[in-house]
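Enquirer: Quick one: sequence and predicted model below, then my questions.
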Amino acid sequence: MKNPPYPDRDILHTWGLSPKKSLGQNFLLLPEVVEKMVVPFESTMDPIYEIGPGPGALTWALYHFTKAPLTLIEKDSQFYPILERLQKEDSNRITLLPSDFFHIKDFPKHYFVTGNLPYNVATEMIFKLLTQDHPPQHMVFMVQLEVAERLYAKPGSKDYGRLSVMVQWLAKAWRQQVVPSEAFWPAPKVTSAVVEIVPHPTRKPLALQKAMSQILAQAFGHRRKMIRASLKKVFPDLEATFQAANLTGTERPEDLSVQTFEDLAKIYQKQVKA
Ligand code: SAM
């Protein structure tokens, strides 16, 4: 198959595109990176959404190596002419949604999402998707390596925190590839990584999600404190809580498993209802 016409520095120059720091714009210029990113979508016919297609490196790979309908969600109008050119290749299959991702409400029941995410809002974007009534079946995102490591960190490690617990409670996450800064223009100061995220099949009730967020905020807001100190304002009956969750209260938040945090959230719900 002929190589897709990926954007390079010259194309960006020809189209007069200049990167905006405020929108986290670092453009991907390495075909092998985007071609690996799209592998999980190769056989699906369910729609694929791309967040922030920009000049279209990942979009061209999606167009060439997958078969599903593609929806491109882009906020910055400087990219619309270049994306419209791509859309002309197959306007039945490619839809440009000139919009802010955070304003989009209607996702279908079955869909996939990918993107080289703007790093300043990447975790908010992942949270928005994970907490939808119908989260995507599979997500593949480029994020900062440091954020990626927090997503799949295990208890006891320095990266294990609020983000790790919440994401692993709602999904399975793993690293697909590490991407050096030279893969982008302009090169970011940090190393990047592609992560894959697959939501668990059973949704957590909204009220339990809220209880979980509240407990995590308190526990990891005081990371070095024992949980007896950090959780005392949350639970009406702290001693009964520790007994029911099989804890002593001297643990630090990074010692607790995702399951223990869920147990705590359920105990909290019972105590505040009682
Ligand atoms: N996909 C392109 C690539 O890999 O070369 C660009 C990736 S760049 C890191 C992030 C992209 O997300 C930019 O195109 C930026 O304009 C877009 N973006 C930033 N915030 C957005 C938002 N809230 N909604 C939609 N797109 C957004």
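Expert: Noted; the coordinates are in hand.
Enquirer: in the helix or strand harbouring Ala211, what counts as buried?
Expert: Using DSSP states H and E, the secondary-structure element containing Ala211 is helix 206-221. Taking 16 or more other C-beta atoms under 10 Å as the basis for neighbour counts, the residues of helix 206-221 that come out buried are Leu208, Gln209, Ala211, Met212, Ser213, Ile215, Leu216, Gln218, Ala219, Phe220. C-beta coordinates here come from the backbone N, C-alpha and C atoms, glycine included.
Enquirer: The last one: what's it in contact with?
Expert: Taking C-beta atoms under 8 Å, 6 or more residues apart in numbering as the contact definition, Phe220 lies against Gly161, Arg162, Pro253.
Enquirer: Next, work out how far apart the nearest residue to the first one once chain neighbours are set aside and Tyr49 are.
Expert: Using C-beta to C-beta, 6 or more residues apart in numbering and skipping residues adjacent in sequence, the residue nearest Gly161 is Phe220, 5.1 Å away. Between Phe220 and Tyr49 the distance, using C-beta to C-beta, to the nearest Å, works out to 30 Å.
Enquirer: again with Pro201
Expert: As defined by C-beta to C-beta, Pro201 lies at a distance of 20 Å from Tyr49.
Enquirer: And those two? Which one has more around it.
Expert: Under the neighbour definition other C-beta atoms under 10 Å, Pro201 and Tyr49 were set side by side, and Tyr49 has more, 23 against 6.
Enquirer: So that one is in contact with Val113, correct?
Expert: Yes. With contacts counted by C-beta atoms under 8 Å, Tyr49 reaches Val113, the gap being 4.7 Å.
Enquirer: Which residues are in contact with each of these two?
Expert: Shared between the contact lists of Tyr49 and Val113 (criterion: C-beta under 8 Å, 6+ apart) are residues Pro136.
Enquirer: what sits against the residue of the chain found nearest the ligand?
Expert: For the chain, the nearest residue to the ligand under the criterion C-beta to the nearest ligand atom is Gly52, separated by 2.0 Å. Contact criterion C-beta under 8 Å, 6+ apart gives Leu23, Gly24, Ile73, Glu74, Lys75, Phe101, Gly115, Asn116, Leu117, Pro118 as the residues in contact with Gly52.
Enquirer: which one is Thr95 nearest to, not counting chain neighbours?
Expert: Leaving out its chain neighbours, the residue that sits closest to Thr95 by C-beta to C-beta, 6+ apart is Thr71, at 4.8 Å.
Enquirer: wait, I meant Asn116
Expert: Nearest non-adjacent residue to Asn116, counting by C-beta to C-beta, 6+ apart: Met142, 4.0 Å away.
Enquirer: how would you label Met166: helix, strand or coil?
Expert: Following DSSP: H, G, I helix; E, B strand; the rest coil, the label given to Met166 is helix.
Enquirer: separation between the residue nearest to it when sequence neighbours are not counted and Ala122?
Expert: What sits nearest to Met166 in space, not counting adjacent residues and going by C-beta to C-beta, 6+ apart, is Leu216, at 6.4 Å. Distance, Leu216 to Ala122, using C-beta to C-beta: 19 Å.
Enquirer: count of neighbours near Gly24?
Expert: 17.
Enquirer: Which residues are in contact with the closest residue to it other than its chain neighbours?
Expert: Taking C-beta to C-beta, 6+ apart, and ignoring the residues beside it in sequence, Gly24 has Pro118 as its nearest neighbour in space, at 2.7 Å. Going by C-beta under 8 Å, 6+ apart, Pro118 touches Leu23, Gly24, Gln25, Gly52.
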